[in-house]
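Visitor: got a predicted structure here, sequence first:
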Amino acid sequence: MQVQVLLCAPNASPRRKGNRLLVNLLNTSGPHPDASVFTIGEVEPVGPHEVTVRLPKKPIRVTLDPREEKLDWHDRKGEVRLAVSRLDIPRVVVE
């Protein structure tokens with residue numbers, strides 16, 4: 001399994017849960033390198049993001065959790081491509 005996230009990339013962390021693939025997308029924007037900032041009160045939404053996931057077979061469905069939003073996605077030659085328009089809270093792409 002290989003996951004590739006393109007364009008203003010958030011952190012992507014693939015995991016398996018039973019026979020399902022979960023790709024956790026985390027918005028890590030903010031002043032992290034600033035040593036004078038001890039807490040981050042607000043994280044600005046970022047996006048859009050193009051996500052590409054290489055899979056051995058075409059998935060039956062792809063959703064964006066936590067609300068099980070349906071995503072427009074395309075499978076081409078073992079790569080599932082989709083777009084996440086906005087990432088404010090941690091989201092999970094579920095196959």
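Guide: The structure has been received and is ready for your questions. Please read all numbers here as calculations on a predicted model, not as lab measurements. Numbering: from 1, shown residues only.
Visitor: count the neighbours of Asn19 for me.
Guide: 6 (other C-beta atoms under 10 Å). Glycine gets a C-beta too; all of them are placed from N, C-alpha and C.
Visitor: gap between it and Leu87?
Guide: 26 Å (C-beta to C-beta, to the nearest Å).
Visitor: state the distance from the one residue sitting closest to the centre of the chain to Ser36.
Guide: Centroid-nearest residue in the chain: Leu25, 3.4 Å away (criterion: C-alpha atoms, centre = their mean). The gap separating Leu25 from Ser36 is 28 Å, by C-beta to C-beta.
Visitor: show me the strands in this structure, by range?
Guide: Per DSSP state E, the chain carries strands over the ranges 2-6, 11-17, 20-26, 49-54, 63-65, 69-70, 73-76, 79-84, 91-94.
Visitor: just the pLDDT for the residue of the chain most remote from its centre.
Guide: Centroid-distance maximum for the chain: Ser36 at 29.4 Å, with C-alpha atoms, centre = their mean. What the model reports for Ser36 is a pLDDT of 77.
Visitor: what count of nearby residues applies to the nearest residue to Ser29 once chain neighbours are set aside?
Guide: Once flanking residues are discounted, Ser29 sits nearest to Val46: 5.3 Å by C-beta to C-beta, 6 or more residues apart in numbering. If you count neighbours by other C-beta under 10 Å, Val46 ends up with 17.
Visitor: with the one 10 residues further on instead?
Guide: Other residues near Pro56 come to 6 when the count uses other C-beta under 10 Å.
Visitor: how close does it get to Leu21?
Guide: Note on Pro56: its distance to Leu21, by C-beta to C-beta, is 11 Å.
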